[in-house]
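Engineer: Have a look at this prediction, sequence included:
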Amino acid sequence: MRILWWIDHLGHGGTQIALYQLVSHFHERGFRQSVVCLNTLDDRKAYEQLEQVGVEVLVIGRLKLITGIGLISTVFWIKRQKFDVTITMLFFSDVLGQILSKACNIPFRISAQQSENTNYSALRCSILGLILRWTSKVVVLSKHLAESLSESYLPDNTDIQVIPNGVDVQEHAPSRDSNYLRAKLGIDSSSYLVGYFGRLSIEKGVDILIKALSTTAVGKFHLIIAGDGQEERNLKEQINNLGLIEQVHFMGYLHDVSKLYHCLDVYVQPSRFEGIPFSVLEAMANGCPVVASSLVGLRELIVDGEHGLLVEPENYKLLAKAIDNTVSQKGPTLGRVQKAKSRVKKHFSYSSVCNAWECLVLEKHTKY
């Protein structure tokens, strides 16, 4: 069987992590696969990782898309390959990928919806609503997300399947040096370490986290940011204006942040909208306390007060209070950490997620 994956760009982020996980699993299972990247190649390592597992990567590029040359050549390329299944991720991949896949008569067409996408305009929602009528199946990360998207743009009678993100729990061993970050950054043991790992974009709400920490005692917290993105300059300006230059540490984009979770006193996901972020899953698997926005995907992952603390999005005062409670109330925090690790192992393991995707693909193949 041949699978064709579509993605807007190859860079950093949860969608790219999910793509690599699934591609690696299907490669091990003997499937033949190709990936179409519509726009830019932001991360050369991501490209190389895909090629290392025997996946052909076709990067079209913005100029060829605009002129139409890339679309025409892609159509001829798809027809030569004779794919059985196509899977699209993100807006432009959903639109162009589903149109071209249908035009090329790929029989099983799946769209993977990764988050609430509350940033989509009414026009985008209308376009997606029309395009997704052509899909065989829409995969969402949670039941609550399915309900939310059904209210915004999923067509009536859409064939929906819930498959969450997952992490390899076995990779997150507890034998890590918890003093690694303090030694590297020269932070003393009397301060608490707060972490955020991910894209620096407006929807991730890092500015809210910075504002929350500015309301606490200066020097009590140090914020560790691992990631990059278009908001980095604005965030640094905000930090300078709030007088937090000594308390906030930018580490840039890191391919492997697994050794950092054990150094943190709390991991924070302050997003304005979200799916089921890998960083939160990894924090929970690593035994790191979590504070996050009370969003659809995160509520599926965390029961407030049981596996972590959830707060109203954009409420920096409540966020600051939740962070302070997490680091000051050791007993309840430890209890939440233990329940969180068990929850990830039971419901969000890499193996169970990949097996669910494989069953879906094989089910479609059998049906059609």
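Structural biologist: Received, thanks.
Engineer: so is S111 in a helix, a strand, or just coil?
Structural biologist: Assigned by DSSP: H, G, I helix; E, B strand; the rest coil, the conformation of S111 is strand.
Engineer: what's the residue closest to the geometric middle of this structure?
Structural biologist: Nearest to the geometric centre of the chain sits G14, at 2.5 Å (C-alpha atoms, centre = their mean).
Engineer: Grab the nearest non-local neighbour of that one.
Structural biologist: Nearest non-adjacent residue to G14, counting by C-beta to C-beta, 6 or more residues apart in numbering: F278, 5.0 Å away. C-beta here means a position set from N, CA and C on the backbone, and glycine is covered the same way.
Engineer: Now do the same contact list for that neighbour.
Structural biologist: G14, I17, A18, N165, V167 (C-beta atoms under 8 Å, 6 or more residues apart in numbering).
Engineer: can you count the residues close to Y267?
Structural biologist: As a burial measure, Y267 scores 26 neighbours (other C-beta atoms under 10 Å).
Engineer: Would you verify that it is located in a strand?
Structural biologist: Yes. Using three-state DSSP, the assignment for Y267 is a strand.
Engineer: Wait, it touches V280, no?
Structural biologist: Yes. Contact criterion C-beta atoms under 8 Å: Y267 and V280 qualify, at 7.2 Å.
Engineer: which neighbours do the two share?
Structural biologist: Any residue near both Y267 and V280 by C-beta under 8 Å, 6+ apart counts here, and that gives V290.
Engineer: domains for the protein, by residue range?
Structural biologist: If you go by automatic domain parsing, the domain ranges for the chain are 2-166+349-367, 169-347.
Engineer: can you put these in a markdown table and add mean pLDDT?
Structural biologist: Formatted as a markdown table, these follow (pLDDT from 0 to 100):
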| stretch | mean pLDDT |
| --- | --- |
| domain 2-166+349-367 | 90 |
| domain 169-347 | 91 |
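Engineer: quick one: which of the contacts of F278 sit in strands?
Structural biologist: Among those, none falls in strands (DSSP state E).
Engineer: measure the residue nearest to the centre of the chain to E203 for me?
Structural biologist: Distance, G14 to E203, using C-beta to C-beta, to the nearest Å: 12 Å.
Engineer: likewise P270?
Structural biologist: Applying C-beta to C-beta, the value for P270 to E203 is 10 Å.
Engineer: out of these two, which sits in the more crowded spot?
Structural biologist: P270 (25 against 16).
Engineer: Regarding stretch 48-63, how distant is the last residue from the first?
Structural biologist: Terminal residues of stretch 48-63 are spaced 23 Å apart (C-alpha to C-alpha, to the nearest Å).
Engineer: With stretch 188-197 instead?
Structural biologist: Stretch 188-197 has an end-to-end distance of 21 Å (C-alpha to C-alpha).
Engineer: same question, stretch 190-210
Structural biologist: Its start and end residues considered, stretch 190-210 measures 20 Å (C-alpha to C-alpha).
Engineer: buried ones in it?
Structural biologist: Across stretch 190-210, burial judged by 16 or more other C-beta atoms under 10 Å covers 192-201, 203-210.
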